[in-house]
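Chemist: Provided below are the primary sequence and the corresponding predicted coordinates.
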Amino acid sequence: MSTLKEADQQLIRLLSDGQFRSGSELGQALGISRAAIWKRVQRLEEFGMALESVKGKGYRLAQSVDLIDQISLQAELGERAQLHYQWVTESTNADALALAGPVRRPQVFVTECQTAGRGRRGRQWQSPFAANLYFSIRFPVSGGFAALGGLSLAVGVAVAQALQELDPQLPVTLKWPNDLLINGAKVGGVLIELAGEMDGQVDVVIGVGVNGRMTGHQARGIDQVWTDLASELVEMPSRTVLAACVLSHLLDMLPRFSQQGFAAFLDAFDRYDGVRGKSVQVQSGDQMILGEAAGVLADGALRVETAQGVREVYGGEVSLRVR
């Protein structure tokens, strides 16, 4: 998939309100022919934007586009972090990893669309244009790799708390180690990667994706039960407000995690734990562990009560089992 050129971006802005615009009107605004407008409309569909064409009316986006306001978002972040914003990128995690480091303060990478978004275990993360929230934070942690146990769980807590700030009644839960669920359907995920270690400091990259407002057509590549915030919230905020809320909670969490580790978030995780007390199977490396989830430890390990005794699992993928 190619990138969006300046003329494509101008076209999106012109069509972002969901109203019809004639080909001649668009061509005049962009200084190109009606035939060139048609070609650019076709390009937008490559990025997951559904367009309608009606003879005598022109073109419009099937749903209005809510672009992130880069200036407003940086103002909300203030001096806590530096914002890097792009319309389209391959992966915000890849952008964060490519940054020359180490960094002195958190660096936040936000995009409207990822062409090669990644989930855990190399899975593709569906990232249609301006539909969801896609961002990564690169930040330094003292204490080296050993200080990172439970980081993905602390991130999950911070994101869950942000979503409940938008709606205190939102039934969000966490599935160890990195999924956010609402009523059992996935609404978001976390991907942690390491950018390198120098002099006892390790730079960590936290990737977060949260489903905002996504059509079934845009989500056709998702192979699990999913939901989005527009379907679950009483009132859906703008993507700028959503990004500011989630990022603010994470930027408040990071210094505390750096100083106290996951132990400071253990009680909060227990409140959101969506698998505790349930029958699970955990794929950890080449092992399949069957048992009942029994909470997590202060270092982020999942406790599983098996027929052979309690197992402590530090990495893997959890699936719920039917008793």
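Modeler: The structure has been received and is ready for your questions.
Chemist: how about stretch 127-145: buried residues?
Modeler: By 16 or more other Cβ atoms under 10 Å, the buried positions in stretch 127-145 come out as 127-141. All C-beta spots, glycine's among them, are computed from the backbone N, C-alpha and C.
Chemist: Can you get me the start-to-end distance on that stretch?
Modeler: 30 Å (Cα to Cα, to the nearest Å).
Chemist: In strands only, show me the buried residues of stretch 127-145.
Modeler: Among those, DSSP state E puts Leu133, Tyr134, Phe135, Ser136, Ile137, Arg138, Phe139, Pro140, Val141 in strands.
Chemist: I'd like the distance between the most centrally placed residue in the chain and Gly48.
Modeler: The chain has Gly209 as the residue nearest its centroid, 1.0 Å off, counting by Cα atoms, centre = their mean. To Gly48, Gly209 is 14 Å away according to Cβ to Cβ, to the nearest Å.
Chemist: Name the surrounding residues that touch the host helix or strand of Arg13.
Modeler: Assigning secondary structure by DSSP states H and E places Arg13 in helix 6-15. By Cβ atoms under 8 Å, 6 or more residues apart in numbering, the residues outside helix 6-15 that reach it are 4, 21, 26, 29-30, 32, 37, 40-41, 43-44, 49, 51, 59-61, 65, 67, 87.
Chemist: Just the buried positions in that helix, please.
Modeler: Applying a neighbour-count criterion of 16+ other Cβ under 10 Å, one finds Asp8, Gln10, Leu11, Ile12, Leu14, Leu15 buried in helix 6-15.
Chemist: Return the distance of the fourth one relative to Tyr134.
Modeler: Remark: distance between Ile12 and Tyr134 (Cβ to Cβ) = 17 Å.
Chemist: ok, now the third one?
Modeler: Between Leu11 and Tyr134 the distance is 21 Å, computed by Cβ to Cβ.
Chemist: how's this protein carved up into domains?
Modeler: Domains of the chain are assigned by automatic domain parsing as 6-61, 70-270, 275-320.
Chemist: Now list the buried members of the contacts of helix 6-15.
Modeler: So, of the contacts of helix 6-15, 4, 21, 26, 30, 32, 37, 40-41, 43-44, 49, 59-61, 65, 67, 87 end up buried under the neighbour-count rule (16+ other Cβ under 10 Å).
Chemist: when you check those against the helices, which ones overlap?
Modeler: Among the buried ones among the contacts of helix 6-15, the members found in helices (DSSP state H) are Leu26, Leu30, Ile37, Arg40, Val41, Arg43, Leu44.
Chemist: Just want the angle from the longest helix seen in the chain to strand 133-142.
Modeler: Secondary structure of the chain per DSSP H: the longest helix is helix 239-260. Computed with axes from the mean of the first three to the mean of the last three Cα atoms, to 10 degrees, the direction of helix 239-260 lies at 20 degrees from that of strand 133-142.
Chemist: And for helix 239-260, what's in contact with it?
Modeler: By Cβ under 8 Å, 6+ apart, the surrounding residues in contact with helix 239-260 are 66-69, 72-73, 76-77, 80-81, 106, 108, 110, 130, 133, 135, 137, 139, 141-142, 147, 151, 154-155, 157-159, 161-163, 165-166, 206, 208, 210, 212, 229, 237, 264-265.
Chemist: Helix, strand, or coil at Gln164?
Modeler: At Gln164, secondary structure determined by DSSP: H, G, I helix; E, B strand; the rest coil is helix.
Chemist: And the pLDDT for it?
Modeler: For Gln164, the pLDDT comes out at 97.
Chemist: wait, what's in contact with the nearest residue to it once chain neighbours are set aside?
Modeler: The shortest distance from Gln164 to any non-neighbouring residue, by Cβ to Cβ, 6 or more residues apart in numbering, is to Leu170 (5.4 Å). Leu170 is in contact with Leu163, Gln164, Ile182, Glu232, Leu233, counting by Cβ under 8 Å, 6+ apart.
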